[in-house]
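Undergrad: Quick check, what structure comes out for this input:
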Amino acid sequence: MQLKAPEKHGFDAGRLNRVDAFVKERYLDSGRLPHAQILISRDNEIIHFSSQGAAREGSDRPIDEGSMFRIASMTKPVTSVAFMMLVEEGRVAVDTPVHEVLPQFKDVGVYQSGGAGAPFATRPLDEPMRMLDLLRHTAGLTYGFQYRSNIDAAYRACTSNAGPVENWYGEADINAFIADLARLPLEFAPGAAWNYSVATDVLGAVIERVSGMTLDRFFEEKIFTPLKMHDTGFMVPAQKADRLTDCYVWGGPAAGRVMYDRGESSMWLQKPRLLSGGGGLVSTALDYHRFCLMLANGGELGGVRLLGRKTVDLMTMNHLPGRSDLSTLSQSLFSETQNGGVGFGLGFAVTQDVARTMIPGSAGEFYWGGMFSTSFFIDPVEKLHLVFMTQLSPSLLYPIRRELKTLIYSALT
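TA: A predicted model of the protein is given here:
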């Protein structure tokens, strides 16, 4: 990989070098993070790429440009792009009711009472759940790990498939997942609020039904192969197994970070029965960089067009009802974004009011992250994007995403 001189692309090299020094001192030397990889691109050129820390526990081998990371909810923008490709083909629309593709949702109701052992009471929907609601997380769905309502408790409870709704490595396939989900009430009427949820997994099921292809095949044939993202997928093949990094979770102040998934014996070394369009992918910084380039270029990369320019424009507008923001509409206790000044598009958070975010940036930038603290942002105004990789959950334990963004923008001249 050949890096371009940052000075030729509007950066102060000395200030840019502070990024790696900060991450090393604050997060790696302290043991807060196991490793960190930072890719910064401007004007379609990589002007900074750094890798620090060991790939696996007990080994001195450092992470490098071939290292593979679980990107979790950074899968969601990929799924959203796949859906919009089908929209461009006229096979489905953003305002299509979900039940027209997934009839299990036709009679779903909105929660009124019950749970914790009592039967649920619901009321019917005034308006149907639409694909728009899946794309922008206003569908009334949730995540079981939020621990905030009787509905997410029901997600965690045993289902007809003898496991929680979100058990990606259980016995349930996508059809069983949809059937279990549609038996539970919605937390709110579609469009009434914003809640981080399994909505993008439902969108993955829509893609399978509309396209007639499994989600992994659609991604591989329609997105990854055309973009030359050869190290991205729902599993790591045996010949690449040694490139998968270890993954950790926070065990509390006494334990610190503890092992969640060892690279050498990872769950991601086998194909899951349930392909999670909301969080199942493994990728590399260089692969995800190519995905970002495609979006930054209005849907095209290297002569291959996945989406039309106006479709990307549509995806990166704020689609929250009344052009509201997440601080007003969010009911989520867990998200991949701070809420102030932030709207939501068709698959991404979108900055609306830079002042309210309280960090440098541009109106119209779009971004997301994953539960293992990976993240990306794309700034169309500055023709700039970042891909950050590490492996520690939960993602909001440390403010590193905001710190990185501040450091990067402070280096612009």
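Undergrad: Which of the helices or strands spans Ile378?
TA: Assessed by DSSP states H and E, Ile378 sits inside strand 375-379.
Undergrad: again but with Ser50, I slipped
TA: Using DSSP H and E, Ser50 falls within strand 45-53.
Undergrad: how many other residues sit next to the residue lying closest to Ser197 once chain neighbours are set aside?
TA: Closest residue in space to Ser197, ignoring its immediate chain neighbours: Leu141 at 3.8 Å, by C-beta to C-beta, 6 or more residues apart in numbering. (Glycine included, C-beta is placed from N, CA and C.) Using other C-beta atoms under 10 Å, Leu141 has 28 neighbouring residues.
Undergrad: close enough to count as contact, Leu141 and Thr200?
TA: No. Applying C-beta atoms under 8 Å as the test, Leu141 and Thr200 come out as separate, 9.6 Å apart.
Undergrad: just to revisit the earlier point, tell me if the residue nearest to Ser197 really is in a helix.
TA: No. Leu141 sits outside any helix when classified using DSSP: H, G, I helix; E, B strand; the rest coil, being coil.
Undergrad: For it, give me the pLDDT.
TA: For Leu141, the pLDDT comes out at 96.
Undergrad: need the contact list for it.
TA: Leu181, Leu186, Glu187, Asn195, Ser197, Val198, Ala199, Val202 (C-beta atoms under 8 Å, 6 or more residues apart in numbering).
Undergrad: try it again with 7 Å
TA: Applying C-beta atoms under 7 Å, 6 or more residues apart in numbering, we find Leu141 in contact with Leu186, Ser197, Val198, Ala199.
Undergrad: pLDDT score assigned to the closest residue to Met358 other than its chain neighbours?
TA: Once flanking residues are discounted, Met358 sits nearest to Gly340: 6.9 Å by C-beta to C-beta, 6+ apart. Predicted confidence (pLDDT) for Gly340: 86.
Undergrad: next one: the one 5 residues further on
TA: In the prediction, the pLDDT value recorded for Gly345 is 98.
Undergrad: pretty sure it is touching His319, no?
TA: Yes. Here Gly345 reaches His319: they are 5.7 Å apart, a contact under C-beta atoms under 7 Å.
Undergrad: hang on, the earlier thing: now do the following helix or strand past the strand holding Ser50: which elements does it pack against?
TA: Toward the C-terminus, strand 45-53 is succeeded by strand 69-70 as the next helix or strand (DSSP H and E). Helices and strands touching strand 69-70, by 3 or more C-beta pairs under 7 Å, 6 or more residues apart in numbering; DSSP states H and E, are strand 282-283.
Undergrad: Just read off the phi/psi values of the residue lying closest to Met371 once chain neighbours are set aside.
TA: Counting by C-beta to C-beta, 6+ apart, the nearest residue to Met371 once its immediate chain neighbours are dropped is Ala72, at 4.4 Å. Main-chain dihedrals, Ala72, degrees, to the nearest 10: phi 50, psi -120.
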